[in-house]
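[1] just a sequence and a predicted model for now, questions to come.
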Amino acid sequence: MDNIEVRKIIGQRIKDFRKIYNLTQQELAEKLGIENKSYIKHIESGHKGISLEKIIELCLFFNIVVSDLIPLENTGTIETEKEKIILEAAEMMRGLSINQVQMLKSMITVVVDNPCTY
């Protein structure tokens with residue numbers, strides 16, 4: 001399965017969850033802090049990819065797991081330790097309150113904006 005196919009599958013799944021929650025593309029864009037609703041349209045159609053940060057936000061918002069959006073079973077096993085850790089972290093965040101998620105996002109932003117090597 002190539003990247004275009006994966007983007008299309010992810011986009012369709014996002015669209016499906018958006019419709020389950022009875023949201024317009026504009027409403028979903030607002031929930032994710034995206035100013036341009038056409039960005040959601042392009043993600044849902046598979047023309048644009050979506051960042052891991054936004055995938056995590058979607059999973060938390062829709063109360064789903066990452067594998068509900070990303071077709072892991074069709075793309076093979078996760079090959080890097082980094083990807084495994086990211087998926088585990090996303091799973092752990094699922095049960096957090098919105099305040100805890102916002103705090104964690106702020107902490108991640110600090111780490112990303114101020115990288116250091118160990």
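    Structure received.
[2] identify the residues contacting whichever helix in the chain runs longest?
    What stands out as the longest helix in the chain, according to DSSP state H, is helix 3-20. Under the contact criterion Cβ atoms under 8 Å, 6 or more residues apart in numbering, helix 3-20 has outside partners 25, 28, 40, 43-50, 55, 58, 62, 64, 68-71, 74-75. No exception for glycine: its C-beta is placed from N, CA and C like everyone else's.
[3] show me which residues of that helix are buried.
    Of the residues in helix 3-20, those scored as buried under the neighbour-count criterion (16 or more other Cβ atoms under 10 Å) are Val6, Arg7, Lys8, Ile9, Ile10, Gly11, Arg13, Ile14, Lys15, Phe17, Arg18.
[4] now the fifth one: how far from Glu27?
    Taken as Cβ to Cβ, to the nearest Å, the spacing of Ile10 relative to Glu27 amounts to 19 Å.
[5] next, work out how far apart Cys59 and Arg13 are.
    Remark: distance between Cys59 and Arg13 (Cβ to Cβ) = 11 Å.
[6] what mean pLDDT does stretch 2-10 have?
    Mean per-residue pLDDT for stretch 2-10: 86.
[7] same check on stretch 43-57?
    Averaging pLDDT along stretch 43-57 yields 91.
[8] any idea how far that stretch is from the middle of the chain?
    In terms of Cα atoms, centre = their mean, to the nearest Å, the gap separating the centre of stretch 43-57 from the centre of its chain is 6 Å.
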